[in-house]
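Asker: need a 3D model of the sequence below.
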Amino acid sequence: MAKGGKKELVTTLKLQAPGGQATPAPPIGPALGQHGLNIGQFVQQFNAATTALNGMVVGVVINVYSDRTFTFEVKSPPAAVLLKDVAKLAKGSGTAGRETIGTVTRAQLREIAGKKIKDLNAYTVEAAERIVAGTARSMGIGIVD
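Answerer: Model (predicted):
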């Protein structure tokens, strides 16, 4: 234990997992197991915290401490996942820029930007909207007014 009873941060892990449906299988199990964490405890806490996101992939940042305890912070789903959901696509285009496979409206783009703004490097919704629009273009999704 560190001086003064404080826990010392050993490492920080960043993973993506399905909300409310995480299992000890890869990628979660091996990533946590190599740091000696209780995988079952993490899966149980993560699933409880993300039940509302039922199956949607979300990012999670896990802080691992020297006494083998952890804290985690659930991030919003990746912009690509939200865009695929709104445009009702299975995957992005293999030839983005030459082929448009779906469309989203400006209103839908603004809604996604509003969900993502706290996890993006943007101060305004307009800036976040431009970031999400760039992701849409790189996936072959057109933007209509």
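Asker: by residue count, tell me the biggest helix in this structure.
Answerer: Using DSSP state H, we find that the single longest helix of the chain is helix 125-139.
Asker: show me the contacts for Ala136.
Answerer: 83, 104, 109, 142-143 (C-beta atoms under 8 Å, 6 or more residues apart in numbering). (C-beta placed from N, C-alpha, C; glycine too.)
Asker: likewise for Asn63?
Answerer: Neighbouring residues of Asn63 by C-beta under 8 Å, 6+ apart: 9, 12, 70-72.
Asker: tabulate the contacts of Ala136 (JSON lines), appending neighbour count.
Answerer: Below are the contacts of Ala136 laid out as JSON lines (neighbours: other C-beta atoms under 10 Å):
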{"residue": "Leu83", "neighbour count": "23"}
{"residue": "Val104", "neighbour count": "20"}
{"residue": "Leu109", "neighbour count": "24"}
{"residue": "Gly142", "neighbour count": "12"}
{"residue": "Ile143", "neighbour count": "16"}
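Asker: helix, strand or coil: sort out Lys7 for me.
Answerer: What DSSP: H, G, I helix; E, B strand; the rest coil gives for Lys7 is coil.
Asker: and the strands in the protein?
Answerer: 9-18, 57-65, 70-74, 102-105, 141-144 (DSSP state E).
Asker: just name the most buried of these.
Answerer: Most buried of the strands of the chain, by mean neighbour count (mean count of other C-beta atoms under 10 Å): strand 57-65, with a mean of 18.
Asker: now it: mean pLDDT?
Answerer: Mean pLDDT, taken over the full extent of strand 57-65, equals 91.
Asker: and that strand, which strands flank it?
Answerer: Within its sheet, and counting by DSSP bridges, strand 57-65 is paired with strand 9-18 (antiparallel), strand 70-74 (antiparallel).
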